[in-house]
Each structure stands twice: as structure tokens, then as C-alpha cells.
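Undergrad: make a model of this:
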Amino acid sequence: MACWLYQMNAEKKFSLERYRVEVWEGQLVTNWTIGEGKRKPTEISPGDMIILSFVKSGTPSPGIYGWGIITSFYKEDEDIDFRPTSPSDYLKMNPVPENEVSGIIDKIRGRMTQLTMFKVDEKEFKELRQKIAGHVYGITP
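TA: Residues are numbered from 1 along each chain as shown. Below is the predicted model of the structure:
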């Protein structure tokens, strides 16, 4: 099982309002592109985790807005389906602020900051999970 960071840009395809209307815990979200360009991931699998994050560009409150489980990957169409899980409904109204996770996200993205999906290694996933738990539940390591 892998984990992916899905980076959204409010100036392009996703507005905050659209995200809040379309993404609900437990509901299947379909036909989300894995991005443009030549460096798209190809090893996505159903059961992989996805962390949803808005970037600074065009977003008044950038940060982590949710997470979930990828249910389908359509390699030919370059789309994924996923099911958001708890606490995504809370996070879309009260995201983990970008300044609390920017160091981790910068490590994940490396020098390729313009991509849509980035593979997250185990160490970075653990750090993000702790940040989310601390933000939502007040749980700190």
C-alpha cells in the first residue's frame, strides 16, 4: 500500500467551494485527473491512501483538506476514483494550515513542485498523519 499527496490549485481546476461541495466522507469521488505532463505516476493501486492538499496559489487558507482511499486507477484516462475518510469533512472546513506542514510537503515534492500527485514515503506519511491527528484531535506524539 502506497500513499500519495494530491496537490490542488484553486486557480486552476479546483476552487475551495467546488471541493467542499463535491468531497464528502464515505462518498465516492470519481474521475480526478492524476495531472498533466510527462512525470505522472503509473504505479497507483486501489487501496493506496491519498492526502488532499491545497497549494498557496489562489487559496486563502492553503493546507491539508482531507484524505482517503483510492478505489480505482484508470491508467488510460489518467484518472483516479477515491473515497474520502474521516476526518475529511472536518478538515475541509478547518484545514491543517500549510505553514504547519510546508516542510514535509516540500520534502515530498522535491524540485517538481508543479505536479499533481506525489508519492509519499513512510517517514513523511507518519509525520503528516501526526500533524493531522494533532490538528483534529489534539493528539501529539
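Undergrad: biggest helix in the chain by residues?
TA: Ranked by residue count, the top helix of the chain under DSSP state H comes out as helix 122-137.
Undergrad: for it, name the packing helices and strands.
TA: strand 63-74, helix 88-93, strand 96-97, helix 98-109 (3 or more C-beta pairs under 8 Å, 6 or more residues apart in numbering; DSSP states H and E). Heads up, the C-betas are built off the backbone N, CA and C, glycines and all.
Undergrad: could those be laid out in JSON lines, adding mean neighbour count, distance to Glu11 and mean pLDDT?
TA: Output for these, formatted as JSON lines (neighbours: other C-beta atoms under 10 Å; distance: least, C-beta to C-beta, whole Å; pLDDT from 0 to 100):
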{"stretch": "strand 63-74", "mean neighbour count": "20", "distance to Glu11": "16", "mean pLDDT": "97"}
{"stretch": "helix 88-93", "mean neighbour count": "17", "distance to Glu11": "18", "mean pLDDT": "96"}
{"stretch": "strand 96-97", "mean neighbour count": "18", "distance to Glu11": "19", "mean pLDDT": "98"}
{"stretch": "helix 98-109", "mean neighbour count": "16", "distance to Glu11": "15", "mean pLDDT": "95"}
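Undergrad: okay if I get the ones you listed as a markdown table plus distance to Tyr19?
TA: Converted to a markdown table, the helices and strands packed on helix 122-137 look like this (distance: least, C-beta to C-beta, whole Å):
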| stretch | distance to Tyr19 |
| --- | --- |
| strand 63-74 | 6 |
| helix 88-93 | 7 |
| strand 96-97 | 15 |
| helix 98-109 | 15 |
